[in-house]
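Compute the structure for the input listed below.
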Amino acid sequence: MRSEPGLSKSASLARLRDAGLSPRTVFDVGVATGTPDLYGVFEDVRYALIEPLLESKPFMDRLVEAHPGSVAIHAAAGAAAGEATIVVPSNLSGSSFLLKPKSGVQRTVPVVTLDEVARAHALPGPYLLKLDVQGYELEVLAGAEQVLAQTGALIAEVSLWSDRKGLGMAQLLPMLTWLGERGLVLYDIAAIVRRDFDDAITEMDLVFVPAASPLRADSRYKRTGELESSIAKRRRSFGLE
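So this is what the prediction gives:
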């Protein structure tokens, strides 16, 4: 698989920052070996790192040490607190509650909700959420209703082939609908990943913001001077000037 050139989480986050987004807590849900594009973009933030694989502990501990007030939670995120069985592939990539047991080794891991984590650690909003949870996005979001109410932006990985995998993974349209019902709309595309052999899009990192966000306050496509120039150019193309 290959990523579409010119797109990245860091570029998308920089646009959000430059447009005025200023979170106080950044949730990294699904840490793995870390999400470098997510760290260091915003100043004076706390990080809440959530990852069920203990192999990720060194990456999480280093980041918490570098950012006082941050927390590392060695658990999966879900709709309700408890325990659940996760399937871990041999390469430690793409671990999921939704994989078939033959895909890897099964582990029982603790499950937390984002709302619970925010309360327990007094993590202040507004929040920035990043989800990379292998099709479990709607379950994680179901346990984050209070956090979502204070979320300035959400970045979520979405598979375009979840319907073919037959694993119960979140699909694009239900996710758009679920978030739309809670007042969040699609704002940007941070990444597009394509299959090598036919260039079909396999997954995307989508950025959502509240519909009423200040980031969407101006509905113009162009600034006044640019608009006038564009109109004049268009009229000349019709031979009117």
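
Just the residues contacting stretch 216-228, thanks.
Defining contact as C-beta atoms under 8 Å, 6 or more residues apart in numbering, one finds that stretch 216-228 is touched by 185, 187, 209, 230. Backbone N, C-alpha and C define where each C-beta goes, glycine included.

which residues does Ala11 contact?
Residues near Ala11 by C-beta under 8 Å, 6+ apart: Ala190.

got a pLDDT number for it?
As predicted, Ala11 sits at a pLDDT of 94.

again, but for Leu98
On pLDDT, Leu98 comes in at 66.

Over to Leu128?
pLDDT, Leu128: 98.

I figured it hits Arg17, correct?
No - using C-beta atoms under 8 Å, Leu128 is not in contact with Arg17, being 9.8 Å away.

Show me the common contact partners of those two, please.
What both Leu128 and Arg17 touch, as defined by C-beta under 8 Å, 6+ apart, is the set Phe42.

Just the buried residues of the lowest-mean-pLDDT helix or strand in the chain, please?
Across the helices and strands of the chain, mean confidence by mean pLDDT, DSSP states H and E is lowest for helix 162-165: a mean of 76. Neighbour-count burial for helix 162-165, with 16 or more other C-beta atoms under 10 Å as criterion, is recorded at Ser162.

which residues are contacting it?
Contacts of helix 162-165 (C-beta under 8 Å, 6+ apart): 135, 159, 169-172.

what about the helices in the chain?
Using DSSP state H, the helices of the chain run over 9-18, 57-66, 114-120, 137-142, 145-148, 162-165, 172-181, 224-237.

Give me the distance from the first one to the chain's centre.
Between the mean C-alpha point of helix 9-18 and the mean C-alpha point of its chain there is a distance of 13 Å (C-alpha atoms, centre = their mean, to the nearest Å).

mind showing which ranges of this structure have poor pLDDT?
92, 94-96, 98-99, 165-168, 241 (pLDDT under 70).

Identify the residues contacting the residue nearest to the spatial centre of it.
Nearest residue to the geometric centre of the chain (C-alpha atoms, centre = their mean): Ile155, 2.3 Å. By C-beta under 8 Å, 6+ apart, the residues touching Ile155 are 9, 12-13, 128-131, 190, 205-208.

now do 6 Å
When contacts are counted by C-beta atoms under 6 Å, 6 or more residues apart in numbering, Ile155 touches 130, 190, 205, 207.

Most neighbours among the contacts of helix 162-165, which one is it?
The most crowded member of those, judged by other C-beta atoms under 10 Å, is Ala170 (24 neighbours).

For it, give me its contacts.
Ala170 neighbours (C-beta under 6 Å, 6+ apart): 135, 137-138.

what do you get if the cut-off is 7 Å, keeping everything else the same?
Listed by C-beta atoms under 7 Å, 6 or more residues apart in numbering, the contact set of Ala170 reads 135, 137-138, 162.

what about the strands in the protein?
2-3, 25-29, 46-50, 71-73, 76-77, 82-88, 105-112, 127-131, 151-159, 184-194, 201-210 (DSSP state E).

Let's have the ones you listed in JSON lines, adding distance to Arg235.
Output for the strands of the chain, formatted as JSON lines (distance: least, C-beta to C-beta, whole Å):
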{"stretch": "strand 2-3", "distance to Arg235": "40"}
{"stretch": "strand 25-29", "distance to Arg235": "47"}
{"stretch": "strand 46-50", "distance to Arg235": "52"}
{"stretch": "strand 71-73", "distance to Arg235": "58"}
{"stretch": "strand 76-77", "distance to Arg235": "54"}
{"stretch": "strand 82-88", "distance to Arg235": "61"}
{"stretch": "strand 105-112", "distance to Arg235": "59"}
{"stretch": "strand 127-131", "distance to Arg235": "43"}
{"stretch": "strand 151-159", "distance to Arg235": "39"}
{"stretch": "strand 184-194", "distance to Arg235": "32"}
{"stretch": "strand 201-210", "distance to Arg235": "35"}
